[in-house]
Every structure is written in C-alpha cells, then in structure tokens.
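# what shape does this take:
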Amino acid sequence: MSTYAAPDYASLARDIKRWAKELGFADAGISGVTLEQDEAHLNQWLEDGYHGDMEYMARHGSKRSRPDELEPGTQRVISLRMDYLPPGTQYAWDVIHDAEAGYVSRYALGRDYHKLMRNRLQKLAERIRESIGDFGYRAYVDSAPVLEKALARNAGLGWIGKHTVLIHRQAGSYFFLGELYTNLPLPIDAPASAHCGTCRKCIDICPTQAIVAPYRLDARRCISYLTIEMKGSIPEELRAPMGNRIFGCDDCQLICPWNKFAQDATEPDFAPRHQLDGAKLVDLFGWSEDEFLQRTEGMAIRRAGYESWLRNIAVALGNAPPSSAIYNALQARSQHPSAIVREHVAWALARQQAATSTA
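Numbers count the residues shown, from 1 in each chain. The predicted model follows:
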C-alpha cells in the first residue's frame, strides 16, 4: 500500500534523504535540469582540447548538460554522495615521499565503487516505488554523459573548487557521486555557495601544472589522466614530475584546507587491498598479467590495464633513487612484448644509470 494517497513531494523529498542515509550514502540533494553556464564551460573546455584522448566527453552532444535530453521526461536529479577515504590507510604524504613505494589514489585502494553505488541507487528507487508506485527514473554512476559535479553543486552537496573537484563544507572532497534522474516534480534544494576564496594551493601544488587557471584543468597534463585514461606513450617532460604516482593523483585534494573535515568511509569494501596504500614499486612491477588480473578483480585499478600498469610503474622506478633491486627489476622487463612498456623501461633504466653515475 502506498504511503502517499496523493504524492506529497515535500514529504517524499525528506524521506528520500533519510532513506539515502539508511542505505549508506553520506548525503543527498535535489536539483533541476538547467545547466546552461556549465554547458558553455564544457564546450569551451572541449574546444580548447583539454579533454585529450577522452573522445567520449564530446561524443554525446548536449545530452551531457541537458538531463532531459539524455533521459526524456526528467524533471529532477537526485544527487547522492558516498565518502570513500578508508580509515587506517597509510598517510598519503608518507607514501608520496617514499620514492620506493607506489602511490595509488585513495579512491582506488579497495572495491570499485560503480556497482556498489549503482546497487544502492537501485534500492533507493525501489523504496520510492514502494511509497508512491511506479515512477520514471534512471540511475547513473559514471555510466553515461552526466555533469555530475554541476548537478551535485545545484543540489547543495558542495561547490566546484579551483581544482574542478566538488568540495563539501563539512566533509571535504573525498567522496563519490551518483544520480537518480527522475520525472518526479520534487522540491529543489538551494545550490551550494563557493568557499575557495583567494586560496590557490591546489593550483600551486599540482606536480605537472595541469590546473592552468582556476576551474580550468588541462587533462592532458593531469597525472590521473596520464596513468588511467591515456594509453600509449607518456610525454617525456611529464614523466619526472609524476614521481611515484602510479594510478591517479591526489595532491590537489591532499593540500586542500577543506579536507581537514573529510569523513572516513563507512563502507568496509573501500578498505585497501593487497597493501596498495603503500606497496613497494619493485614488488608491484613483478606482478604477472595473471596476478594483476586476479589481484585487481573488482577494483578500479583494473581499468588502466596491465600494459599501462607496467608503464606507470616503470616511470616511477625511473624516478626512484638508484638501487640494484630497481635496476634489476627494470632490466627484467627490458624485452617485454609491449613496445610501450619497453620504451618506458628504457627511459627508466637511463635515469637510473644517470643517477648512479652522478651519485
């Protein structure tokens, strides 16, 4: 039996937010579908070529910035966030400053969030249906052309910082986002106001200077793009600045003053697997392809693929202090079947040899 004889949308909105927290989401908000300014920003970003090889960013035309075109009938978007920083994880700066360890972005240490969040979104939709009967909806978690940060900002879940990451005033920026597009005319929340002020720490700390201006990220220089999205050869001038970052980069978030309010994840599946919160580069470089596939099953790291995994670690080994263990590990991969791996191993060996000769 329906809880609502005739939908009381204000009450339903309050219930949706309560149900979201019961399902493990940290917060939920509701926005409309108008994103004109964000559409203009996106189009300029694409025109500038800042998306690099991510052709999918331009593939869907205006559907990305017009929710009612992506899913006809959409009137509202329910945005939800889930904290991902695992408690007990090795201190990020300690790992970054340990040149013999491999740094993996904190979001990718445990289970891939996509299926987990999508399942929770589906459960939320089912609770809504139990209350009001059938309604139109579609759940998204990085699975379609969605301007998730702009929608979340309009739903009051945070503002988009100068590093282009969403920041919540009471929870920092270490959280995932998901959406329910729906035809329900729910009341809209007030958008979040911005609180970066004159701070530019994220811009100044970026190892590759990928934040070319406030709110302008050139993905072609971003370590997250280079280590995950981009296949092929990493530009040589960007290899040394990558340091030991082998999957993603968190520097702009680590330096953000608002992350002193970051909340630990309540989801145990986000806990680090295989000691990836500070594993040694030589050990990771020794993984066979079968080991890589087995150990990254159900993890976001699998997205990079084995070839890029070795490529990234080779760069990090080239940036590490010279040692016989590192040299031998690189030498063992110098005849790898992949030309990409061989290229980056050769670069790393040359770096190791040069560092040894000047030591």
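# going by C-alpha atoms from here, please, whenever you check contacts or count neighbours.
Noted.
# for this protein, what helix or strand is lowest in average pLDDT?
Ranked by mean pLDDT, DSSP states H and E, the helix or strand of the chain with the weakest confidence is helix 56-59, at a mean of 89.
# tabulate the CA atom coordinates of the very next helix or strand once past it in PDB.
Tracing the chain C-terminally past helix 56-59 and defining elements by DSSP states H and E, one meets helix 67-70 next. Taking C-alpha atoms only, helix 67-70 is exported to PDB below (Å, rounded to 0.1, in the frame of the first residue of the first chain):
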ATOM      1  CA  PRO A  67      19.400  15.700 -18.400                       C
ATOM      2  CA  ASP A  68      16.000  15.800 -20.100                       C
ATOM      3  CA  GLU A  69      17.600  15.000 -23.400                       C
ATOM      4  CA  LEU A  70      19.600  12.100 -22.000                       C
END
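# quick one: buried residues of helix 67-70?
For helix 67-70, a neighbour-count test (16 or more other C-alpha atoms under 10 Å) marks 67-68, 70 as buried.
# quick check, pLDDT for Thr3.
Here the pLDDT value assigned to Thr3 is 48.
# how about Ala348: what's its closest non-neighbour residue?
With sequence-adjacent residues excluded and distances taken as C-alpha to C-alpha, 6 or more residues apart in numbering, Ala348 is closest to Gly318, at 3.7 Å.
# show me the shaky parts of the protein.
1-6, 359 (pLDDT under 70).
# residue nearest the centroid of it?
Central residue of the chain (C-alpha atoms, centre = their mean): Tyr107, 6.7 Å from the mean position.
# which residues touch it?
84-85, 174, 270 (C-alpha atoms under 8 Å, 6 or more residues apart in numbering).
# for Ala125, same thing?
Contact analysis of Ala125 by C-alpha under 8 Å, 6+ apart lists 137, 180.
# swap in Ile255?
201-202, 205.
# mind checking how far it is from Gly278?
Ile255 sits 19 Å away from Gly278, taking C-alpha to C-alpha, to the nearest Å as the criterion.
# equivalent analysis for Glu343, please.
As judged by C-alpha to C-alpha, Glu343 and Gly278 stand 26 Å apart.
# between the two, tell me which one has more neighbours.
Set Glu343 next to Gly278 and count neighbours by other C-alpha atoms under 10 Å: Gly278 wins out with 21 against 17.
# quick check: that one touching Tyr103?
Yes. The pair Gly278 and Tyr103 passes the contact test of C-alpha atoms under 8 Å, sitting 6.5 Å apart.
# what do those two both touch?
Val95.
# that older thread, please spell out which residues along the least confident helix or strand of the chain are buried.
For helix 56-59, burial by neighbour count (16+ other C-alpha under 10 Å) applies to 57-58.
# and that helix, what does it pack onto?
Applying 3 or more C-alpha pairs under 8 Å, 6 or more residues apart in numbering; DSSP states H and E, one finds that helix 56-59 contacts no other helix or strand.
# how far off centre is that helix?
Computed by C-alpha atoms, centre = their mean, to the nearest Å, the chain-centroid distance of helix 56-59 equals 18 Å.
# contacts made by that helix with the rest, please.
By C-alpha under 8 Å, 6+ apart, the list of residues contacting helix 56-59 from outside reads 46, 51, 145.
# and if you look at stretch 61-70?
Contact partners of stretch 61-70, identified using C-alpha under 8 Å, 6+ apart, comprise 33-36, 38-39, 74-75, 145-147, 181.
# what's the PyMOL line that selects buried ones from these?
To isolate the buried subset of the contacts of stretch 61-70 in PyMOL, counting by 16+ other C-alpha under 10 Å, use the following:
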select buried, resi 33+34+35+39+74+75+145+146+147+181
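# restricted to strands, list the contacts of stretch 61-70.
Counting by DSSP state E, the part of the contacts of stretch 61-70 found in strands is Tyr181.
# need the contacts of stretch 61-70 in a markdown table with distance to Ala10, can you?
A markdown table is the format used below for the contacts of stretch 61-70 (distance: C-alpha to C-alpha, whole Å):
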| residue | distance to Ala10 |
| --- | --- |
| Val33 | 18 |
| Thr34 | 21 |
| Leu35 | 23 |
| Glu36 | 26 |
| Asp38 | 27 |
| Glu39 | 29 |
| Thr74 | 18 |
| Gln75 | 15 |
| Pro145 | 29 |
| Val146 | 25 |
| Leu147 | 25 |
| Tyr181 | 17 |
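# tell me the bridge partners for Ile181.
Small correction: residue 181 is Tyr, not Ile. Tyr181 has the following beta-bridge partners by DSSP bridges: Val77, Arg138.
# so who does it touch?
Here Tyr181 is in contact with 67, 71, 74-78, 137-140 (criterion: C-alpha under 8 Å, 6+ apart).
# may I ask which of those residues has the most neighbours?
Most neighbours among the contacts of Tyr181, by other C-alpha under 10 Å: Val77, with 31 neighbours.
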